[in-house]
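Chemist: here is the input, now give the coordinates:
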Amino acid sequence: MTVVRAAGGVVWRRLDSVTEIAVVGRPRYGDWSLPKGKLERGEPALLAAVREVQEETGVVGVPQVRLPSVQYLTGEPGVEKSVDFWSMRVREDHGRAPDDEVAEVRWTPLPDASGFLTYAHDRGVVAAFAELPPIRTELLLVRHAKAVSRRQWHGPDPVRPLDDTGRAQVQRLTEVLRLFAPVRVVSASPVRCQDTVTPLGLPVQVDPRLDEALPAGLDGARQAVMELGRLAGPTVVCSQGKVIPALLAALRPGNSTVAEEYGTPKGGGWLLATAGDQVAAADRLLLD
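Modeler: Residues are numbered from 1 along each chain as shown. Below is the predicted model of the structure:
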């Protein structure tokens, strides 16, 4: 079986206190579906989801919560499609002229969406979206990229720089983080943390509560992240490998039995969606 990877989104907006989502009418198939499309070679799924949503709807979306993935047969012998979905709020809507691929983009009230969608798998994704609480903002919690090893570095550890692998990781990470149009960047003290997020082009605010030494204890790191979750606009937060698993376990009580489930590779991270004073969702950033 050949599996074709694709990605898309449940794109939503609020109009006159009504939540609407975008569905697309495709003349080639005679159907109504959620906007989605195939990944390009080497393209991260999250990047593809935002790109495909824009291509099919004219909307620049900001991902918020990972929704259930779907798998289905394409009709071609031995070919199955696997689609990753995210909920996305509208950042910009440029509109889209009809063509042979998408004849119409229709904004439909959420309770009515299932009546428009042709396929059960799309209706299931929308049902999962409908269960989400109202999301306040997005936090991107990332671990610094790979640094020069301690054995090779003879200076103070806090100023240990990124190595060549780390700089390549930063390029990939930056490409994905820019999808969220962050308005602020906060980092732990070490230079390797700051250098991981500097390419975003925003001033880097240093907060020692995010340091691996945890001078304020785990409660300090949790307080720092929740303070950022109450602010308007997406925030990128860079911390260290020993902080992130325990921090996520504290932010998501009852959703993980062990902090090790939140282990994060260097140059990797998490998309956190806040609702009220809680972290409503924590999803790994898909960088491949």
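Chemist: enumerate every residue touching Thr74.
Modeler: 4, 80-81 (Cβ atoms under 8 Å, 6 or more residues apart in numbering). (Glycine included, C-beta is placed from N, CA and C.)
Chemist: list just the nearest of these to Met226.
Modeler: Lys81 (38.7 Å; Cβ to Cβ).
Chemist: next, the closest one: secondary structure please.
Modeler: The three-state assignment at Lys81 reads strand, by DSSP: H, G, I helix; E, B strand; the rest coil.
Chemist: element containing His154?
Modeler: Assigned by DSSP states H and E, His154 falls within no helix or strand.
Chemist: measure it to Val142 for me?
Modeler: 27 Å (Cβ to Cβ, to the nearest Å).
Chemist: between these two, which is the more surrounded one?
Modeler: Neighbour count, other Cβ atoms under 10 Å: between His154 and Val142, Val142 has more, with 26 against 7.
Chemist: hey, what's the more buried one bridged with?
Modeler: Beta bridges link Val142 to Cys238, Gly269, judged by DSSP bridges.
Chemist: ok but Thr165 is inside a helix, no?
Modeler: Yes. Assignment of Thr165 by three-state DSSP places it within a helix.
Chemist: show me what contacts Pro133?
Modeler: Here Pro133 is in contact with 275-276, 280 (Cβ under 8 Å, 6+ apart).
Chemist: hang on, the earlier thing: relative to Asp164, which of the contacts of Thr74 is nearest.
Modeler: Closest to Asp164, out of all of these and judged by Cβ to Cβ, is Val4, at 33.4 Å.
Chemist: who's that closest one bridged to?
Modeler: Lys81.
Chemist: rewinding a little: out of the contacts of Pro133, which end up buried?
Modeler: 275, 280 (16 or more other Cβ atoms under 10 Å).
Chemist: mind putting the contacts of Pro133 into CSV with distance to Val237 and pLDDT?
Modeler: Shown next, in CSV, are these (distance: Cβ to Cβ, whole Å; pLDDT from 0 to 100):
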residue, distance to Val237, pLDDT
Ala275, 18, 93
Gly276, 19, 85
Ala280, 17, 93
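Chemist: now render the contacts of Pro133 as a markdown table, adding distance to Lys36 and secondary structure.
Modeler: Shown next, in a markdown table, are those (distance: Cβ to Cβ, whole Å; DSSP: H, G, I helix; E, B strand; the rest coil):
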| residue | distance to Lys36 | secondary structure |
| --- | --- | --- |
| Ala275 | 25 | strand |
| Gly276 | 30 | coil |
| Ala280 | 23 | strand |
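Chemist: reformat the contacts of Pro133 as CSV; add distance to Thr196.
Modeler: CSV is the format used below for the contacts of Pro133 (distance: Cβ to Cβ, whole Å):
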residue, distance to Thr196
Ala275, 27
Gly276, 29
Ala280, 26
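Chemist: which of the contacts of Thr74 are buried? Put it as a PyMOL command.
Modeler: Here is the PyMOL selection string for the buried members of these, based on 16+ other Cβ under 10 Å:
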select buried, resi 81
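Chemist: which of the contacts of Thr74 lies closest to Val170?
Modeler: For those, the nearest to Val170 is Val4 (29.9 Å; Cβ to Cβ).
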